[in-house]
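*Asks:* based on what follows, work out the 3D shape:
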Amino acid sequence: MTQHEKISVELRKRLDAMRPGERFPSEPELCREFGVARMTVNRVVTELVRDGRLVRQRGRGSFVAEVPREHRVVNYLLPCAGYLADPRAPFLRKIAFGIAEETRRRNLGMELIPVSPDNNQEHIDFSALEHLNEKSLVVIPTGWFYAVFPFLAERKCRTVLIDRKMRSRYPNSKYAEQFKILDYDLGEAVENAVLRLYRRGCRRIAFRTGYREDRPVQYVAYSEAVQRLGLPDLALFRKGISYKISAEEHVELKQLACDALIFDAFECGGLSGPDFATLFGIPAGLSYEVIRFRPEDNDLAENPPASGIDARQLGIAAVRMLLDPASPSREIMKLDFFPAKANKNRMAVVNFD
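*Replies:* Numbers count the residues shown, from 1 in each chain. Just a heads-up that it's a prediction; the model follows:
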């Protein structure tokens, strides 16, 4: 945590124990207590005023604000009840952690709304959304929820869609124009993976992902990157729902004489085993990198070179976009890169099938 974050957490805890109208320490007093510059304290106090926790009175100081009558809630959509308990679903779960952290920091509530009984886009239960209106704050974690886009747009809910730059693939995408969009730069991660493998001497770099239709952003980035380097386009599209490389794909990789592979793991989580290549059948001797994968969401003895987004930070950013009127209508976050590394802190995690 930064000094600013530590002070913010501490002062919010104090406010929870104080009564409305009680005088709050002055900024000089807080500077002396925490040993930081006035600018840092002023920023925290300004946030508390903006969030309705403090009231400034000119010439008198700051005082604890009255508890608002209407407790604001951030509504987080889920595919179905129990979805967050699945160890293979770290992406939506960590977004939820981030939302919970930021709503707690701002003294807001959080509601989880399962939109279907069975994780099926054709079985949306709109009665679960009936209470939403123009004052509602909504976070949509993926485009899977496209069936509810028209409903939320018609209700004029204040909505953030975590989009992954694939909005054009969704039905009802026109309704998302009314939402704030939180992207993460998947295309840049793919391009960087191509460049790293190229610098290692690889010249026949394959790319395996799950989408063929509509030229998804990750494939476009790959295709353009290899084209700029004068390399062949060796894209492979996953057949069926299995992430493991099939015998047919092994033959294809050999026929294409590939010397490297970029593997789209689509936020796999809960993996346990020796290494990524063994679990997913990546041919021995083939250089590879993984995108949309974070080592801390898994329990492998050897972590692969990988790029992944911190989904917790997506949740935090989504709440900020909802509550800050000055926030941009679209924000792009970058993926982190993790070099290959042995995992010295292994623990038991459910196997991914």
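*Asks:* now the biggest helix by length in the chain: buried residues?
*Replies:* For the chain, the longest helix by residue count, based on DSSP state H, is helix 90-105. For helix 90-105, the buried set under the neighbour-count rule, 16 or more other C-beta atoms under 10 Å, comprises 90-96, 98-103, 105. Placement of C-beta: from N, CA and C, glycine included.
*Asks:* sticking with the closest residue to Ala284 other than its chain neighbours, tell me its helix or strand.
*Replies:* Spatial nearest neighbour of Ala284, chain neighbours left out: Ala277 (7.7 Å); criterion: C-beta to C-beta, 6 or more residues apart in numbering. Element membership for Ala277 (DSSP states H and E) is helix 276-280.
*Asks:* check Pro28 too.
*Replies:* Here Pro28 is assigned to helix 27-34, by DSSP H and E.
*Asks:* so Pro274 touches Asn303, yeah?
*Replies:* No - look at Pro274 against Asn303 with C-beta atoms under 8 Å: they stay out of range, at 11.1 Å.
*Asks:* and those two? Which one has more around it.
*Replies:* Neighbour totals were compared for Pro274 and Asn303, and Asn303 leads with 22 against 10 (other C-beta atoms under 10 Å).
*Asks:* the more buried one bridge partners, please.
*Replies:* On the basis of DSSP bridges, Asn303 is bridged to Lys341.
*Asks:* helices along this structure, start to end?
*Replies:* Using DSSP H, helices in the chain cover 3-16, 27-34, 38-50, 90-105, 149-154, 186-199, 217-228, 247-255, 276-280, 311-323.
*Asks:* which one of these lies nearest to Asp297?
*Replies:* Minimum separation from Asp297 across those (C-beta to C-beta) falls at helix 90-105, 4.1 Å.
*Asks:* list the contacts of the closest one.
*Replies:* 8-9, 12, 74, 76, 78-79, 83-84, 109-110, 112, 139, 141-142, 162, 267, 269-270, 294, 297, 310-320 (C-beta atoms under 8 Å, 6 or more residues apart in numbering).
*Asks:* quick one: furthest residue from the center of the protein?
*Replies:* Taking C-alpha atoms, centre = their mean, the residue of the chain most remote from its mean C-alpha position is Gly59, at 43.4 Å.
*Asks:* what residue lies at the spatial centre of this protein?
*Replies:* Ala311 (2.9 Å).
*Asks:* what pairs with the residue lying closest to Val49 once chain neighbours are set aside across the strands?
*Replies:* Excluding the flanking residues, the one nearest Val49 by C-beta to C-beta, 6+ apart is Arg56, at 5.8 Å. Beta-bridge partners for Arg56, by DSSP bridges, are Ser62.
*Asks:* count of neighbours near Arg56?
*Replies:* If you count neighbours by other C-beta under 10 Å, Arg56 ends up with 14.
*Asks:* also the one 4 residues further on?
*Replies:* For Arg60, the tally of surrounding residues (other C-beta under 10 Å) stands at 9.
*Asks:* that one: what's it in contact with?
*Replies:* Neighbour list for Arg60: empty [criterion: C-beta under 8 Å, 6+ apart].
*Asks:* quick one, phi psi at it?
*Replies:* Backbone torsions of Arg60, given as degrees, to the nearest 10, read phi -120, psi -30.
*Asks:* pLDDT score for Arg69?
*Replies:* For Arg69, the pLDDT comes out at 48.
*Asks:* separation between Pro141 and Leu78?
*Replies:* 8 Å (C-beta to C-beta, to the nearest Å).
*Asks:* cool, Gly210 as well?
*Replies:* Note on Gly210: its distance to Leu78, by C-beta to C-beta, is 21 Å.
*Asks:* neighbour count: the two, which is higher?
*Replies:* Leu78 (21 against 15).
*Asks:* how near is that one to Gln313?
*Replies:* On the measure of C-beta to C-beta, Leu78 and Gln313 end up 19 Å apart.
*Asks:* kindly report the same for Val139.
*Replies:* 13 Å.
*Asks:* more neighbours, these two?
*Replies:* Val139 (25 against 17).
*Asks:* shouldn't Leu195 be in contact with Val226?
*Replies:* No - using C-beta under 8 Å, Leu195 makes no contact with Val226, being 10.3 Å away.
*Asks:* higher neighbour count, those two?
*Replies:* Using other C-beta under 10 Å as the criterion, Leu195 and Val226 rank with Val226 on top: 22 against 14.
*Asks:* please name the nearest non-neighbouring residue to that one.
*Replies:* Nearest to Val226 is Asp233, by C-beta to C-beta, 6+ apart, at 5.7 Å.
*Asks:* OK, contacts around the one you found?
*Replies:* Going by C-beta under 8 Å, 6+ apart, Asp233 touches Tyr222, Ser223, Val226, Gln227.
*Asks:* thanks again, I'm all set now.
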